[in-house]
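Chemist: mind folding the following:
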Amino acid sequence: MTIPTAPAALAEAMAFLLQFARTARTTGSLVPSGAALSRALTRHIRPGSAHRPRAVLEVGPGTGAVTRHLAQRLGPYDTLELVEANGPFVDHLASALRHDTRLAAIAHRTRLHHGFVQDQRLGDYDNIVCGLPFANLPPAQVKAIVGQLLSSLRPGGRLSFFSYVGGRAGQLLDPGQARSRHVLREAIAPHVVGSEIVLSNLPPAYVHHLLVPARADCDCGATAPSSRTPASPA
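Modeler: Next comes the predicted model:
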């Protein structure tokens, strides 16, 4: 496995910073997700088999920081879909799928979609990793997207997403964030099985894991619910 060179990492960080300056509300962060956050978001992804391949969806992959960690967790028969609304990020990902050895290895079973997730016809997935900045989205859109993602999970499937620490302070500056976070908490409450805090990320973040229960007769291969204590997404 190759490690990104300093120039490549710097170029990726600069690309992210530029898009944040242009589209702050939908980009959500000044920098890509760090390694610790990427590991936390992908920790529940398990490789499938020839008998039962797994399907994984990443929403809002940005420049692919989490995608590279996710790729290491896929089995040889598993598939990946990426949905990204930012055009320059889509171009960056398309290039990475050709030239980054970590992503090129799974390019033949990866589909990259350019557009908003709410405009996509999604399939059925075993795992969904979401990098959307829910606090920056209108409440109705938050509720619709969370519902869309949960309904796209197979029984026993998991949805993992993150929110930044310090969100309550942001609500004082932007009351709209308070409404969006309230809607988010209500939408995920029945499904949260664990949350964790990643202090080493810049900025620090909470990671939340949601589970769609498996049927009693379903051999879904789901892992047991996490015993971590849920934390508030706000």
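
Chemist: alpha carbons only: can I get the host helix or strand of residue 162 in PDB?
Modeler: Using DSSP states H and E, the element containing residue 162 is strand 153-164. Only the C-alpha atoms of strand 153-164 are listed here, as PDB (Å, rounded to 0.1, in the frame of the first residue of the first chain):
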ATOM      1  CA  LEU A 153     -29.800  -0.200   4.100                       C
ATOM      2  CA  ARG A 154     -30.400  -4.000   4.000                       C
ATOM      3  CA  PRO A 155     -31.600  -5.600   7.300                       C
ATOM      4  CA  GLY A 156     -28.700  -5.600   9.600                       C
ATOM      5  CA  GLY A 157     -27.000  -2.800   7.700                       C
ATOM      6  CA  ARG A 158     -25.200   0.200   9.300                       C
ATOM      7  CA  LEU A 159     -25.100   3.900   8.600                       C
ATOM      8  CA  SER A 160     -22.100   5.800  10.000                       C
ATOM      9  CA  PHE A 161     -21.700   9.600   9.900                       C
ATOM     10  CA  PHE A 162     -20.000  12.300  11.900                       C
ATOM     11  CA  SER A 163     -20.700  15.700  13.400                       C
ATOM     12  CA  TYR A 164     -18.200  18.200  14.800                       C
END
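
Chemist: name the helices or strands packed onto it?
Modeler: helix 35-42, strand 125-130, strand 205-211 (3 or more Cβ pairs under 8 Å, 6 or more residues apart in numbering; DSSP states H and E). Just so you know, the C-beta spots here come from the backbone N, C-alpha and C atoms, and that holds for glycine as well.

Chemist: redo these as JSON lines? Include mean neighbour count.
Modeler: Listed next are the helices and strands packed on strand 153-164 as JSON lines, based on neighbours: other Cβ atoms under 10 Å:
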{"stretch": "helix 35-42", "mean neighbour count": "21"}
{"stretch": "strand 125-130", "mean neighbour count": "25"}
{"stretch": "strand 205-211", "mean neighbour count": "24"}
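
Chemist: turn the ones you listed into TSV, columns for mean pLDDT and distance to residue 196.
Modeler: Output for the helices and strands packed on strand 153-164, formatted as TSV (pLDDT from 0 to 100; distance: least, Cβ to Cβ, whole Å):
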stretch	mean pLDDT	distance to residue 196
helix 35-42	96	6
strand 125-130	98	14
strand 205-211	96	5
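
Chemist: so what's the gap between stretch 105-112 and the chain middle?
Modeler: Relative to its chain's centre, stretch 105-112 lies at 17 Å (Cα atoms, centre = their mean, to the nearest Å).

Chemist: buried stuff in that stretch?
Modeler: Buried residues in stretch 105-112, counted by 16 or more other Cβ atoms under 10 Å: 105-107, 110, 112.

Chemist: turn those into JSON lines, including pLDDT and distance to residue 129.
Modeler: Shown next, in JSON lines, are the buried residues of stretch 105-112 (pLDDT from 0 to 100; distance: Cβ to Cβ, whole Å):
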{"residue": "105", "pLDDT": "96", "distance to residue 129": "18"}
{"residue": "106", "pLDDT": "97", "distance to residue 129": "14"}
{"residue": "107", "pLDDT": "98", "distance to residue 129": "18"}
{"residue": "110", "pLDDT": "98", "distance to residue 129": "14"}
{"residue": "112", "pLDDT": "98", "distance to residue 129": "15"}
